[in-house]
Structures are given as structure tokens and as C-alpha cells.
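Undergrad: Structure for the following, please:
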Amino acid sequence: MPDIALSPLHAGQRAVCAGLRPRTVLRCGRRWGKSKMLEVIAEQCALTGERIGIFAPDYARLLPMYQSIVSTLKPAIRSASKTEMTITLVTGGEIELWTLVDENAGRSRWYHRVLIDEASLVDDLESVFNLSIAPTLLDRNGHAYIAGTPLGMSDESFFYKCCTIKEPSSKWPVPWTEFHLPTSSNPLLNAEAVAALEKQYPPLVFQQEYMANFVSWSGESLFKLPSLLVDGHGVQYPELPEGVFATIDTAVKDGAENDGTGVIFWALNKYGKGAPLTVLDWDLTQITADTQISWMPSIFQRLEQLAKECRARYGVLGTFIEDKQSGSMLLQHGEKAGWPTVAIDASLTQAGKSGRASMASGPVHQGRVKLSAYAFDKTVEYKGIFRNHLISQVTSFALADPKAYKRADDLSDCFTYGTLIAFEGEQPLLC
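TA: Here you go, the predicted structure:
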């Protein structure tokens, strides 16, 4: 067999690999390297002839892992299918990747080891594990390793239980061996940069995302209104900002109980007077998907008007839309019509609502994002309710909210996207 060079592991990852037990849970801070470590475990074991099952919340998280494994093991691959997400090696080893969107993931298969990434993001993981995944390990007395970053505290969360239940019981006969690994334990990261994170994020966000601690978000809003204001008031429009842009969250279906279409208009400011990022205006409406195309020109007109009012140096920078469902239709039509529409980076859309909100909380906490007086004072009627829906949605957002699916979040999504487009992502507008 040809020589295969696996990715080197840092000292913390090697220590975890040396201490793996038949049931092991990794509670990791962001950027610790859990996904890469799982990749290396899968590659190493498959090279010895083992069958490995890898599970993740969705296809978007599985695909980069599949591509990385194929690239690393290429000299030893007998066959690989991106469609089936399977890799067969000349050693007899196999790697199969499954999305946990499918509650039957892994059924009818058998494995020496199963690896579950981003376990905290899967709502009904306990049922899927017990009914579909655990039986795949019976044939070979296989091992299971799950990894994730905490997301709130809930007795219903399988990931939370695996990390916190240490004694066996009739309901929990086999406790999991836990490794608690904060971001700071990754020796490859800049220690000073990691230490600075504590001041850059709200305390609970830092504790959860980087210290990998379980925290309670009960009644805790992630975005505080005072952080978006100056002395309790909205700010004036910036003068001579770099440009203006919009973020749009599009409706999926029609009907009183379904999402509306939200839009936020922003000013991006590097050198002019004012905050780096200012919400200039917003709107929330309920329109059918087939009328959104005729609605879009009004967004461009408003952007041009705001660019003129602020005297933006580069005018309109674009209208950013998530590339899915009716948003895809707008992007496709925009390309044909020459509209200034831009697909939001996949790195941001794949992060999920809570992931995006956690990242966006940093710039907000630092006071780099402000509401204009116009946006702060604006009220509109939506679904029979007359109020400032922007403030209502943004300041009521909480991580790990079990009732999140019932809440209106169109403007909240626009807000986190706009903040991340400016400060995060693969090509942030502000550095």
C-alpha cells in the first residue's frame, strides 16, 4: 500500500486519542480542532481495515469532511462516491458519511467505530443514536465518539447528558468518558488572541463558545439594546461611509402563521464619522414568493436614496440574500436582470441561526454596531401588531431557545447576516 501522510495532530488531540474509550464524548471550544481529529481517527482506522460511520447534522457539514478525507486517502482509495458519501480503501476499510437529518441514518449497516460531529446541534440525537446508530456497533463490539460545542443547558439534550451524567443507572447504564477541551488548550492558536476573546464577546457567549462550559440562556437575551444605542438614543446617519448594502430574509410560504420577508439597510463606515456599521432602515412585510421579484426594485431604490443621503463613497455595495428557497429565485433573476444581488457566503449560511448569532454578538458587544435614530424610532404594522419589529426580534433572540421555531425571526436573521457580512465570513466588508 502507498504511504499516506495523515494530518498531524497537536498535543491535546494526541492526548484525547490515547484516552479514547468505547463511549467517549468530546466537549470542545471553537477552533480546538475536533472535526479534524475525527477525520484523522476515521482515516487511520479505515487504513487498518475497519469500517467507520461518520455522522453530522447536515450535508453542508459532511461535504467538507468527505472532500478532505478523499484528498488525504487518495492513493489508498479503491472507490469513492460523493453521491452516496462512501469511501472504500484497498485495505478493506470503509468510511460512510451520514446526515442526521435522516432519523434512520446508519440503519442496516455495521461499524467498528462511529464518529458524531457537532452533536449539540441535533435535537433528537438520543433517539437516533439508540434506535439507529448504536445497533450498528453490536456486530463488532464497536466504539462511539461524539464531539461538539455546548449549546445551552437542557436535560433533554443527549450531548448534555453524555457530558454530565457520570454514574450508571437503569436509564443510563453506560456513562460516557468525557474530555473537556477549551479553545485555549489548542497550542497551535495564538495565546494572546485567545485570551483577548473574553473582552470581545458577552460573558455567556465566551463561556459557552470558547471555554466549552454549559451555560443557561433562560431569559437571557444575546443582543442587548443599550449596546446598539448611544446614551439610550439612536445615532445619526453616518457621513461619507464607504457604502450602503441590504440583507434580505425571504418568505418561504404564505399564510398568517408563516415567515414574512425582512430587509435591513446598512451603512458601512471605515473612515467617516460614525460607527463601523449602522442600521439605517428596515422593513418587514408579508408578500407571496411570486411577487418578490416585482418587490425587489423598491429595495434598490431605497438603497440608492440612502447612499445619496449619506454621501456614500462607493454607493450601493449590494443586496445580500441567502441562496436557498425563494432567495435562490431572486438571485437567479437578479443575475439575469443585472441587479446588485449577492449570495451570502456559504460559511455563514451553514453556521445555523445560533452559530451566526454567537459570532455576531462579538461586534455588537464591542459597540461596533448601532441603530440609527430613524431605525430605532420606526414602527410598522405586521400581522396585526404595530411596533418596532426590528428591536423586538433582535433583542429577544436567545441561544438554545426550545421555542425558537415559534418565534418570528426574519429581521433577526437579517441582523446577524448583516453584522457577519461586515465583520466575519470568508471576505468581510470590514476588517
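Undergrad: what's in contact with stretch 92-100?
TA: 42-43, 45-59, 62, 65-66, 69, 85-89, 105-106, 109, 111, 116, 122, 125, 128 (Cβ atoms under 8 Å, 6 or more residues apart in numbering). For the C-beta atoms, the positions are set from N, CA and C on the backbone; glycine is no exception.
Undergrad: Looks to me like Ala267 is in a helix.
TA: No - per DSSP: H, G, I helix; E, B strand; the rest coil, Ala267 lies outside any helix segment and is strand.
Undergrad: thinking it is in contact with Ala246, fair?
TA: No - using Cβ atoms under 8 Å, Ala267 makes no contact with Ala246, being 10.9 Å away.
Undergrad: Just to be sure, which of the contacts of stretch 92-100 are found in strands?
TA: Among the contacts of stretch 92-100, the members falling in strands (DSSP state E) are Arg51, Ile52, Gly53, Ile54, Phe55, Ala56, Thr86, Ile87, Thr88, Leu89, Ile116.
Undergrad: Drop anything exposed from those residues.
TA: Neighbour-count burial (16 or more other Cβ atoms under 10 Å) applied to those gives Arg51, Ile52, Gly53, Ile54, Phe55, Ala56, Ile87, Thr88, Leu89, Ile116.
Undergrad: The stretch 301-431 of the chain: strands as residue ranges?
TA: Taking DSSP state E, counting those that start in this stretch, the strands of the stretch 301-431 of the chain run over residues 316-321, 341-343, 369-371, 380-382, 385-387.
Undergrad: Could you look over these and pick the most buried one?
TA: Among the strands of the stretch 301-431 of the chain, strand 369-371 has the highest mean neighbour count (mean count of other Cβ atoms under 10 Å), at a mean of 25.
Undergrad: contact partners of the lowest-mean-pLDDT helix or strand in the chain?
TA: The weakest-scoring helix or strand in the chain, judged by mean pLDDT, DSSP states H and E, is helix 326-337 (a mean of 83). Residues from elsewhere that reach helix 326-337 (Cβ under 8 Å, 6+ apart): 248, 250-252, 289, 292-293, 296, 319, 321, 323, 339-341, 343.
Undergrad: mind listing what's buried in it?
TA: Ser326, Gly327, Leu330, Leu331, Gly334.
Undergrad: check contacts around the most centrally placed residue in the chain.
TA: Residue closest to the average C-alpha location in the chain (Cα atoms, centre = their mean): Ala351, at 1.6 Å. Neighbouring residues of Ala351 by Cβ under 8 Å, 6+ apart: Met359.
Undergrad: on that earlier part again, can you name the two of the contacts of helix 326-337 that are farthest apart?
TA: Val252 and Pro340 (23.4 Å; Cβ to Cβ).
Undergrad: ok, those two, which is more surrounded?
TA: Between Val252 and Pro340, Pro340 has the larger neighbour count (other Cβ atoms under 10 Å), namely 17 against 13.
Undergrad: And the pLDDT for that one?
TA: As summarised for this prediction, Pro340 has a pLDDT of 89.
Undergrad: what's the pLDDT at the residue nearest to it when sequence neighbours are not counted?
TA: Distances taken as Cβ to Cβ, 6 or more residues apart in numbering put Gly318 closest to Pro340, at 4.9 Å, once the chain neighbours are dropped. For Gly318, the pLDDT comes out at 94.
Undergrad: Return the residues in contact with Gly318.
TA: Residues in contact with Gly318, defined by Cβ under 8 Å, 6+ apart, are Phe245, Ala246, Pro340, Thr341, Val342.
Undergrad: how does it look with 7 Å?
TA: Phe245, Pro340, Val342 (Cβ atoms under 7 Å, 6 or more residues apart in numbering).
Undergrad: just His389 next, same as before
TA: The neighbours of His389, taking Cβ under 7 Å, 6+ apart as the test, are Leu284, Val380, Tyr382, Leu411.
Undergrad: Tabulate those residues (TSV), appending pLDDT.
TA: Compiled in TSV, those are given as follows (pLDDT from 0 to 100):
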residue	pLDDT
Leu284	94
Val380	93
Tyr382	88
Leu411	94
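Undergrad: List the buried residues of the biggest helix by length in the chain.
TA: If you go by DSSP state H, the chain has its longest helix at helix 292-310. Applying a neighbour-count criterion of 16+ other Cβ under 10 Å, one finds Gln292, Trp295, Met296, Ile299, Phe300, Arg302, Leu303, Leu306, Ala307, Cys310 buried in helix 292-310.
Undergrad: Per-residue pLDDT of the last one, please?
TA: What the model reports for Cys310 is a pLDDT of 95.
Undergrad: you'd agree it is up against Pro241?
TA: Yes - using Cβ atoms under 7 Å, Cys310 is in contact with Pro241, at 5.5 Å.
Undergrad: Find the residues that touch each one of those two.
TA: With Cβ under 7 Å, 6+ apart as the test, Cys310 and Pro241 both reach Ala267.
Undergrad: circling back: of all pairs in the contacts of His389, which one spans the longest distance?
TA: Spatial extent of the contacts of His389 (Cβ to Cβ) is set by the pair Val380 and Leu411 at 10.7 Å.
Undergrad: Stretch 136-149: end-to-end distance?
TA: Stretch 136-149 has its terminal residues 25 Å apart, counting by Cα to Cα, to the nearest Å.
Undergrad: er, stretch 231-242 I mean
TA: End-to-end distance for stretch 231-242, by Cα to Cα: 25 Å.
Undergrad: and what of stretch 217-232?
TA: 25 Å.
Undergrad: same question, stretch 319-329
TA: For stretch 319-329, the first and last residues are 14 Å from each other (Cα to Cα).
Undergrad: Next: stretch 47-61.
TA: End to end - Cα to Cα - stretch 47-61 spans 23 Å.
Undergrad: Run through who's touching that stretch.
TA: The contact list for stretch 47-61 (Cβ under 7 Å, 6+ apart) reads 4, 42, 45-46, 62, 65, 76, 89, 91-101, 105-106, 109-118, 121-122, 133, 136, 350.
Undergrad: Distance from that stretch to the middle of the chain?
TA: Distance of stretch 47-61 from the chain centroid (Cα atoms, centre = their mean, to the nearest Å) equals 20 Å.
Undergrad: and what of stretch 224-238?
TA: On Cα atoms, centre = their mean, the centre of stretch 224-238 falls 27 Å from that of its chain.
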